[in-house]
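Asker: fold the following and give me the result.
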Amino acid sequence: MTPEITDPAIRAIAEAIAADPANASYTTRGVEPLFYAGPECRIMVVGQAPGRVAEETGIVWNDRSGDRLRDWMGIDRDTFYSSGKLAIVPMDFYFPGTGKSGDLPPRRDFADKWHPRLLSLMPRLDMTILVGAYATRRYLHLPSSASLTETVRRYRDYLPTYFPLVHPSPRNQMWMKKNPWFAATVLPDLKERVAALLA
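Answerer: As a prediction, this is how the structure comes out:
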């Protein structure tokens with residue numbers, strides 16, 4: 001499962017999230033908020049929202065996208081889930097459901113309500129990896145019209161605090177082929193920075 005939260009202050013936030021009336025439909029079904037945060041975390045990964053597989057297994061990034069993300073970061077599953085140095089904080093901690101063209105977007109106000117509380121309890125955080133459009137727009141204060149491709153191409157502008165990425169979904173394979181600079185330039189830098197922070 002997603003790592004157990006042992007820090008009392010962060011555990012209290014998890015319990016508050018579960019008790020929030022806005023999340024009652026999940027709590028009544030026994031679904032817990034899917035995230036991990038801890039006082040020793042050096043890197044935070046902010047994605048969109050857990051998918052159906054994540055909800056069913058209780059493990060965030062537990063799919064092919066997660067495998068690719070870990071490959072991009074240059075780490076294995078054990079490091080990702082068990083090192084205690086990686087915070088996994090999606091834009092919404094619950095699976096939002098499925099729409100006509102895939103998973104529904106995270107709820108708009110969720111991150112604004114809960115992320116600042118968690119961030120205040122992670123004093124050693126040095127870099128936040130922003131995965132996909134929702135995370136990059138919120139944390140980099142970009143308009144909805146901003147091009148994710150151009151944001152990632154200009155990733156150095158946001159370092160060392162933020163590292164924007166496209167989503168590692170297999171659906172983005174064509175994007176990877178059209179943008180070879182990503183694998184040639186961005187990913188080696190990401191691996192190097194992750195390795196340094198986790199050392």
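Asker: three-state assignment of Tyr139?
Answerer: Assigned with DSSP: H, G, I helix; E, B strand; the rest coil, Tyr139 falls in the helix class.
Asker: same question, Met44
Answerer: Applying three-state DSSP: Met44 is strand.
Asker: number of residues surrounding it?
Answerer: If you count neighbours by other CB atoms under 10 Å, Met44 ends up with 23. Any C-beta I mention is one placed from the backbone N, CA and C, and that applies to glycine too.
Asker: again with Asp71
Answerer: So Asp71, with other CB under 10 Å, has 13 neighbours.
Asker: tell me the spacing between it and Met44.
Answerer: Taking CB to CB, to the nearest Å as the measure, Asp71 falls 19 Å from Met44.
Asker: just the helices in this structure please.
Answerer: Per DSSP state H, the chain carries helices over the ranges 8-19, 24-27, 52-57, 64-73, 77-82, 110-119, 133-140, 148-153, 173-178, 181, 187-198.
Asker: in TSV: the ones you listed, plus mean pLDDT and distance to Asp103.
Answerer: Shown next, in TSV, are the helices of the chain (pLDDT from 0 to 100; distance: least, CB to CB, whole Å):
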stretch	mean pLDDT	distance to Asp103
helix 8-19	97	20
helix 24-27	97	15
helix 52-57	92	8
helix 64-73	96	11
helix 77-82	95	21
helix 110-119	98	14
helix 133-140	97	11
helix 148-153	98	17
helix 173-178	94	18
helix 181	98	28
helix 187-198	98	24
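Asker: any idea which of the ones you listed is most buried?
Answerer: Burial of those is given as mean neighbour count (mean count of other CB atoms under 10 Å); helix 133-140 ranks first at a mean of 20.
Asker: can I get that helix in PDB, CA atoms only?
Answerer: In PDB, the C-alpha atoms belonging to helix 133-140 read as follows (Å, rounded to 0.1, in the frame of the first residue of the first chain):
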ATOM      1  CA  ALA A 133      -0.900  20.400 -16.600                       C
ATOM      2  CA  TYR A 134      -2.900  20.700 -13.400                       C
ATOM      3  CA  ALA A 135       0.100  20.600 -11.200                       C
ATOM      4  CA  THR A 136       2.200  23.000 -13.300                       C
ATOM      5  CA  ARG A 137      -0.500  25.500 -13.700                       C
ATOM      6  CA  ARG A 138      -1.200  25.700  -9.900                       C
ATOM      7  CA  TYR A 139       2.300  25.700  -8.600                       C
ATOM      8  CA  LEU A 140       3.800  27.900 -11.400                       C
END
